[in-house]
Structure formats: C-alpha cells, structure tokens
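Colleague: Sequence and computational prediction follow.
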Amino acid sequence: MKITQLFKIYWPDNGGGIAKVMESIAEGFSDCEQEIIVCQNSRHKKSVFESYRGVAVCRCRQLFDLLSTPISLQFLFEVKKRTKRSDIVIYHFPYPMADLAVLFGLYSGSLVVWWHCGFEKYKKMAPFYRPLVMHTLKKADRILVSSEGNIKNSEALRRFQKKCSIIPFCVSNECLQRGRVFAENSFQKEHKTYEDGSNNSQIRILFIGRLVWYKGCDILLKAFAVLQHRKTMRQKDCSLVLVGSGPLEQELRNLAESLSLKNVMFTGMISEEEKMKQIEACDFLVLPSISKAEAFAVVQLEAMAFGKPVINTALNSGVPYVSIDGITGKTVKPGSVRELAAALETLAIDHRLRQEYGQNALQVIQKEYTHDLMIKRHRKVFEQLQKRTKIKND
C-alpha cells in the first residue's frame, strides 16, 4: 500500500493539530510506502525533496500567500506526478489548492478527505470556495471526522453522512506514557497533601494554541480579570500562562496591560518538551474558543493524558465531545466572560473536583484516544477501500 498525504504545511515548519495527525498516520503506517506533499512556509524558499523522520516530504515552492493559504502551481504538478502509484490519497481539509487538484482530476488512488474543520476561516472566499468543497466531498471515497459533533453540526457533511467514518484523534505514545506516570504520582502526592490538612494556594491556569481570533483569548483575559477580583481568590496566588504565538499576540498583550492583570505570561512558541513541562506545571487547561473553526483541539487530549481537567466551550463541533462537562472538566457558553470566570473560579478553589476530573480524564484517554487505536481505525478504512478497488478492477 502506498499512502500520500496532502496539506499546506508540515513539521518542522508548523502545522499544529493537523500536522500531529499527519505525523501519527506516518508513524502508524511505517510498514507502507509513504509520501507527504505540502508547500514551503515562505514564497522565498525553493522546492525541496527531503526525508523527515523517515518519511519522504515534498515541499513545493509557493507563488504567494492569500488569506493564510499558500498558492502553488508546483503543488498541483507534484500531486499529479507523485500520486500515480498511490493506493490512498489523504487530503487534510481545508486547503483550497488540494481542492483544485481534485477538481482537475490530478490525483490517483482512493481519495480520503480528513475533515479537520469547516471552512469558516475562508469566510471571504465562501461563495467561491463552497462549490469547490462540495465537489471534493462528492468525489471522496471516504470522509474522516474526529467526532460525531462535526457531522451533526455541518450542513456539508450531513449531505455525505454515509461516506463518513469517525476516527478520534490521539495522543502520542510518548505523551501517553509520560502523562500516565506523572498523573499517578501527582494524584498520590495531592492525596497525601490534603490528608495532612495542607492547602495549595498556588493555581496555574494554562492556555495552549495559536493566538488567532477564534481561540477566544480576549475572553479568557477578561474572565481572568474578573477572577482576580473574586473574594474566594484572595488567598490564592493565581497565574495564567498563554503558550503560542500568532497575529493577535501584541493585541492580547495590550489587552492584558489595559486590564491591569497580574501574573499573566505569554511564552510565545516553545518546543514540544517545554509544552509538556507547562502541562505538568498547570492545574488545569482552558480552551476558550468561540467558533466551530475549532473542530476538536488535540491539546485537550494532551492535557487530559497528564490527568489535567479542561475547561472548554459548547461549540457546534467536536470540542465538547472530547472533554465532557461534569466528567473531565467544565463546558461553558462560547464568548461568555461570566460563565468562563465562574468555571475558572470553581476549578481554582476546589482541589478535590480537579482531582476527580483529572482522574476521569486520564481514564478516558487510555480507553479511547491511544495511537494504536487510531491507527487500527485508519487501517480498517484503508483496507476496505483497497478491497472495493480490487472488486471494481476485477
């Protein structure tokens, strides 16, 4: 089996949650021939053909960038050339250049569309992009989604529901093993601490993600301002750490300053190792996203793997299906400063609730979100497609 993955960008340039899924697939199918076709992260870079962690990667030169979309004729050429022997072509949606490749019939093999999110990010292009998307979904042999919520809340996906298969994302084996050991030790220490009558007055709240509009970081900063004025927090040394970078970083820094916030830290981009350390150091994670452009958020899984509760928002996407309200954390109304502040306060002052949610979170990860289980689900889909292709050819 030859597997080719298509997207706009890949490690080490960047890529976020989508790149993590691509990497998980690459690692899980190491027994197969593989290739990844993406674009360079700058129009000043030439096309490069290299091996990244044992997988062939073609990085195509781009002409320019339009609405955070690298435009590359080279990408179309390479898709046509490099998928000729492919059995499975995985298009990690959305990337309009890949939709054009589908439109012009430039790919070979069974087309699997990995629907990571809707195309809310392309609002300005929607009248032109939507017909292209619908054509892609029509041509797809299978559509993969991370949660049932993505199908329920997408008009486009509901039309092709019979083609959809649900494959939840996963955490890496390294993250799972490290998180389990850390969480078990942490739970034991916390139990002994509170058995002795001690009280943890230091609370560390963590956000991880790109600093872009749909992440809702302005709502988080305003909620943190409310939290700092609550009477219940007078005996608490509460801090907020925002990990990540993006176009709104300076604007958010200015907002924090205008709100006279204390103990707020912006780390910028950090390494995976540093991110793990930030998760270990926090008491809980907050995902204050305000748009279903946030379709799942793998960072929820990473925090849960370390036994950390999560506060997320009730988006019409897969987000609230990952960390469940009242079981592994709190779910609040998107964009509500009042509800988010209340959830922050609840978890900040109630260590027993944090531990209960954290223990539940770890159990959920070990049961549903392992790398082995994710690859097993992918392999089942790919084998079904191969079998169907063989029957057609016979």
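Modeller: All right, it came through fine. Numbers count the residues shown, from 1 in each chain.
Colleague: in the stretch 251-394 of the chain, which segments are predicted with low confidence?
Modeller: By pLDDT under 70, the low-scoring segments of the stretch 251-394 of the chain are 394.
Colleague: which residues of it fall in helices?
Modeller: Remark: helices assigned in the stretch 251-394 of the chain by DSSP state H, counting those that start in this stretch are 272-281, 298-305, 319-322, 337-349, 351-368, 371-393.
Colleague: winner for burial among those?
Modeller: A comparison of the helices of the stretch 251-394 of the chain by mean neighbour count, using mean count of other Cβ atoms under 10 Å, puts helix 298-305 on top with a mean of 26. Heads up, the C-betas are built off the backbone N, CA and C, glycines and all.
Colleague: In the stretch 101-250 of the chain, where is pLDDT below threshold?
Modeller: Where the stretch 101-250 of the chain drops to pLDDT under 70, the residues are 120-122, 191-200.
Colleague: between the helices of the stretch 251-394 of the chain, which gets nearest to Ala98?
Modeller: helix 371-393 (18.1 Å; Cβ to Cβ).
Colleague: For that closest one, what is the distance to the chain centroid?
Modeller: Computed by Cα atoms, centre = their mean, to the nearest Å, the chain-centroid distance of helix 371-393 equals 24 Å.
Colleague: again with stretch 114-131
Modeller: Averaged over its C-alpha atoms, stretch 114-131 has a centre that lies 18 Å from its chain's centre (Cα atoms, centre = their mean).
Colleague: Any idea how far apart the tips of it sit?
Modeller: As for stretch 114-131, its first-to-last residue distance stands at 18 Å under the measure Cα to Cα, to the nearest Å.
Colleague: what sits up against it?
Modeller: Residues from elsewhere that reach stretch 114-131 (Cβ atoms under 8 Å, 6 or more residues apart in numbering): 17-18, 21, 67-69, 90-94, 96, 99, 133, 143-146, 150, 154, 156-157, 214, 291-296, 317.
Colleague: The nearest residue to Leu106 once chain neighbours are set aside: neighbouring residues, count only.
Modeller: Take Leu106 and drop its neighbours on the chain: the residue closest to it by Cβ to Cβ, 6 or more residues apart in numbering is Lys80, 4.1 Å away. Here the neighbour count serves as a burial measure; for Lys80 (other Cβ atoms under 10 Å) it reads 15.
Colleague: Find the helix or strand that Lys80 is a member of.
Modeller: For Lys80, the element it lies in under DSSP states H and E is helix 73-82.
Colleague: ok, then the element right after that helix?
Modeller: Sequence order places strand 88-93 as the next helix or strand after helix 73-82, per DSSP H and E.
Colleague: returning to what we had before: in the helix holding Lys80, what's buried?
Modeller: Judged by neighbour count using 16 or more other Cβ atoms under 10 Å, the buried positions of helix 73-82 are 74-76, 78-79, 82.
Colleague: In CSV: those, plus distance to Arg204 and pLDDT.
Modeller: Shown next, in CSV, are the buried residues of helix 73-82 (distance: Cβ to Cβ, whole Å; pLDDT from 0 to 100):
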residue, distance to Arg204, pLDDT
Gln74, 45, 97
Phe75, 42, 98
Leu76, 47, 98
Glu78, 45, 98
Val79, 45, 98
Arg82, 46, 97
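Colleague: Out of those, which is nearest to Thr232?
Modeller: Proximity of the buried residues of helix 73-82 to Thr232 was ranked by Cβ to Cβ; the top entry is Phe75 with 53.9 Å.
Colleague: hey, what's the nearest residue to the closest one once chain neighbours are set aside bridged with?
Modeller: Nearest in space to Phe75, with sequence neighbours left out and distances taken as Cβ to Cβ, 6+ apart, is Cys60 at 4.3 Å. In this structure, Cys60 bridges to Cys39 when assessed by DSSP bridges.
Colleague: Check Cys60 and give its pLDDT.
Modeller: Among the per-residue scores, Cys60 holds a pLDDT of 97.
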